[in-house]
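*Asks:* Got a predicted structure plus its sequence, pasted below:
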Amino acid sequence: MAGKTLFQKVWEAHVVDRLPTGQYQLFIGLHLIHEVTSPQAFAALREKGLKVAFPERTFATVDHIVPTHDQGRPFVDPQAERMMQELEKNVREFGIRFFNLESGRQGIVHVIGPELGLTQPGMTIACGDSHTSTHGAFGSLGFGIGTSQIRDVLATGTLAMEPLKVRKIEVNGRLGPGVTPKDVILFIINRLGVKGGIGYAYEYAGDVFENMEMDGRMTVCNMSIEGGARIGYVNPDEKTFAYLKGREFAPRGEAWDRAVSYWRSVASDPDAVYDDVVVFDAAEIAPMVTWGITPGQSVPVDGVLPDPAALPESEREIAELAYRHMGFRPGMRILGTRIDVAFVGSCTNGRISDLRAAAEVVRGKKVAPHVRAFVVPGSMQVKRQAEEEGLHEIFMDAGFEWRGAGCSICLGMNLDRLEGDQISASSSNRNFIGRQGSPKGRTLLMSPQMVAAAAIAGEVVDIREVG
Ligand SMILES: CC(C)[C@H](C(=O)O)[C@@H](O)C(=O)O
Ligand code: SF4
């Protein structure tokens, strides 16, 4: 009999039943909650007089609306204060553990799950947030779900789901200097398209992902959804186990040993059969920058913007729209594009290794006078760690603002926003029109190192040329 993929093994281990609709009822091992998508789901439970089926498997944090500057209560923004109060009421009433600002463990939901050791290999994880794919870095199935599904998971601990096909994406060889996990995923999305992954789980395999640290694997899995894939994962290995060992919610003692042998067993078999396999050479990948309004519209930093006529038919219209919005022209270089805002943070690149890499670029330099630059740690724990290492001083000496943990200017749901048609260099994952809080705002996605370098130069620069 042919081997199985991790996706098949974990899926099969969690199937409760086949539903009359043809869908499967899947048990969810971990349910993460944030303030934006949960209120209506809790309201539905309340209406029906239901309880949360597995409160011990359910954890909440606040991230999208939380101010990153003045976090005193009540919050300056009355809507943020209302949403916070709603979440506080719901977790209290339904008996859910809440990592609030007083806990010292608050942060972006996809940063705190792994860092607390809640995210573990072989699990099914659900969260009302599209970037739940991040958790796949640990060899789990992380499903982003909508509000009605949140209600279902709260009430039953299960979800009705269609199975996915599995595409193995192999990247072999070694990455060149200055090429980071962010560049790898931007490259993959550029090649396979923002819709290329629809109906698929992406399994990232090959030398590059084997050699990649956990933070980098999270960056890659995080953006699976930007490539249309519902989930993305990397098979668990020694790096995964080393990352989890000793974390607050990770198993201990004998339970740890049992867990590790189970975790090993869920990895894809060498003879697993895939619905599709794509192979790339690491040497092809350069530092990438997006120039448009989808994460797939990117070029190597030393490249030129594409001629829409030369693009596949299906990409032409959105390319035209992107040119109109961005005010760029085909044939133009992205290098040298003047920026107004620089943002290091988000669930894509707001982890400690991202902050270290950005600080390395910034050390001893100054932010260009016309640039507003911020560093927003992905969690309170990341922030504390960075402060212990003195990274905050490097950033502040250079003229960066050093903020509290949250989603911040990744999206415009809090007080951190672009203004007018400002251009940002951003380490986040989406460059949709209006994404960063201003309808005319323009976002260039890139690695945190490249954001740091752009903040200093005041324009897009090639990290490979930065001394
Ligand atoms: C607000 C939330 C539902 C949304 C998501 O699902 O991803 C946000 O996190 C985002 O990144 O756009
Ligand atoms: S950091 Fe950005 S992408 Fe991540 S959860 Fe928050 S808003 Fe969504």
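*Replies:* Okay, I see it. Ligands and ions are numbered 1, 2, ... in the order given.
*Asks:* all contacts plus neighbour counts: C-alpha atoms, from now on.
*Replies:* Fine.
*Asks:* which parts of the chain sit against ligand 2?
*Replies:* Residues of the chain found near ligand 2 (Cα under 6 Å from any ligand atom) are 64, 346, 347, 407, 410, 411.
*Asks:* Apart from its neighbours in sequence, what residue is nearest residue 437?
*Replies:* Nearest residue to residue 437, sequence neighbours excluded (Cα to Cα, 6 or more residues apart in numbering): residue 412, at 3.7 Å.
*Asks:* same thing with residue 4?
*Replies:* Closest to residue 4 by Cα to Cα, 6+ apart is residue 272, at 4.5 Å.
*Asks:* Count the neighbours of the one you found for me.
*Replies:* Using other Cα atoms under 10 Å, residue 272 has 14 other residues around it.
*Asks:* Model confidence score at it, please.
*Replies:* pLDDT recorded at residue 272 is 98.
*Asks:* And it, how far from ligand 2?
*Replies:* 32 Å (Cα to the nearest ligand atom, to the nearest Å).
*Asks:* Report the secondary structure state of residue 155.
*Replies:* Three-state call for residue 155 (DSSP: H, G, I helix; E, B strand; the rest coil): helix.
*Asks:* Show me what counts as buried in the biggest helix by length in the chain.
*Replies:* The single longest helix within the chain, with elements called by DSSP state H, is helix 78-94. For helix 78-94, the neighbour count (16 or more other Cα atoms under 10 Å) marks 80, 81, 83, 84, 86, 87, 88, 90, 91, 94 as buried.
*Asks:* What is it packed up against?
*Replies:* helix 39-48 (3 or more Cα pairs under 8 Å, 6 or more residues apart in numbering; DSSP states H and E).
*Asks:* Show me what from the chain comes close to ligand 1.
*Replies:* Checking the chain against ligand 1 by Cα under 6 Å from any ligand atom, the hits are 36, 37, 129, 130, 131.
*Asks:* Around residue 262, count how many other residues there are.
*Replies:* So residue 262, with other Cα under 10 Å, has 13 neighbours.
*Asks:* pretty sure residue 160 contacts residue 26?
*Replies:* Yes. If you go by Cα atoms under 8 Å, residue 160 and residue 26 touch, sitting 6.3 Å apart.
*Asks:* higher neighbour count, these two?
*Replies:* Applying other Cα under 10 Å to residue 160 and residue 26 shows that residue 26 carries more neighbours, namely 23 against 20.
*Asks:* mind checking the SS state of that one?
*Replies:* Quick answer, by three-state DSSP: residue 26 is strand.
*Asks:* which non-adjacent residue is nearest it?
*Replies:* Closest to residue 26 by Cα to Cα, 6+ apart is residue 15, at 4.6 Å.
*Asks:* which residues in the stretch 151-300 of the chain form helices?
*Replies:* Ranges of helices in the stretch 151-300 of the chain, per DSSP state H, counting those that start in this stretch, are 181-192, 207-211, 214-222, 238-244, 253-265.
*Asks:* Indicate which one of those helices is closest to residue 48.
*Replies:* helix 214-222 (34.3 Å; Cα to Cα).
*Asks:* Counting by contacts, list what the closest one packs against.
*Replies:* Counting by 3+ Cα pairs under 8 Å, 6+ apart, helix 214-222 packs on helix 181-192, strand 231-233, helix 238-244, helix 346-349.
*Asks:* closest to residue 51 out of the ones you listed?
*Replies:* strand 231-233 (28.5 Å).
*Asks:* Distance from that closest one to the middle of the chain?
*Replies:* Mean C-alpha position of strand 231-233 versus that of the full chain (Cα atoms, centre = their mean, to the nearest Å) differs by 11 Å.
*Asks:* tell me the mean pLDDT over it?
*Replies:* On average, strand 231-233 scores 98.
*Asks:* Also stretch 288-305?
*Replies:* So the average pLDDT for stretch 288-305 ends up being 98.
*Asks:* List of residues touching that stretch?
*Replies:* 183, 186-187, 189-191, 193-194, 226-227, 285-287, 318-319, 322-323, 325-326, 329-335, 429-433, 443-447, 461-462 (Cα atoms under 8 Å, 6 or more residues apart in numbering).
*Asks:* One more: stretch 56-65?
*Replies:* Counting by Cα under 8 Å, 6+ apart, 29-36, 80, 83-84, 91, 96-100, 106-109, 405-408, 411, 413-414 sit against stretch 56-65.
*Asks:* Which ChimeraX command selects the buried ones in those?
*Replies:* To isolate the buried members of the contacts of stretch 56-65 in ChimeraX, using 16+ other Cα under 10 Å:
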select :29,30,31,32,33,34,35,36,80,83,84,91,96,98,99,100,106,107,108,109,405,406,407,408,411,413,414
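*Asks:* Can you add distance to residue 303 and mean neighbour count and give the helices and strands packed on helix 214-222 back as a markdown table?
*Replies:* As requested, the helices and strands packed on helix 214-222 are exported to a markdown table (distance: least, Cα to Cα, whole Å; neighbours: other Cα atoms under 10 Å):
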| stretch | distance to residue 303 | mean neighbour count |
| --- | --- | --- |
| helix 181-192 | 13 | 23 |
| strand 231-233 | 28 | 33 |
| helix 238-244 | 34 | 17 |
| helix 346-349 | 23 | 30 |
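*Asks:* Check the gap between the closest residue to ligand 2 within the stretch 201-350 of the chain and residue 410 for me.
*Replies:* Nearest residue of the stretch 201-350 of the chain to ligand 2 (Cα to the nearest ligand atom) works out as residue 346 at 3.8 Å. Computed as Cα to Cα, to the nearest Å, the residue 346 to residue 410 distance reads 6 Å.
*Asks:* How about residue 72?
*Replies:* 21 Å.
*Asks:* between the two, which one's more packed in?
*Replies:* Each of residue 72 and residue 410 has its neighbours counted (other Cα under 10 Å); residue 410 has more, 29 against 9.
*Asks:* residue contacts, that one?
*Replies:* 345, 346, 426, 428, 429, 430, 435, 436.
*Asks:* Equivalent analysis for residue 420, please.
*Replies:* 438, 439, 440, 441.
*Asks:* By neighbour count, which of these wins?
*Replies:* Most crowded among these, counting by other Cα under 10 Å, is residue 441 at 22 neighbours.
*Asks:* which SS state does the residue nearest to that one when sequence neighbours are not counted fall under?
*Replies:* Excluding its sequence neighbours, the residue lying closest to residue 441 (Cα to Cα, 6+ apart) is residue 421, at 4.3 Å. Following three-state DSSP, we place residue 421 in the coil state.
*Asks:* Verify the stated contact: residue 421 with residue 442.
*Replies:* Yes. When contacts are counted by Cα under 8 Å, residue 421 is listed as touching residue 442 (6.3 Å).
*Asks:* Look at the two and report which has more neighbours.
*Replies:* residue 442 (31 against 17).
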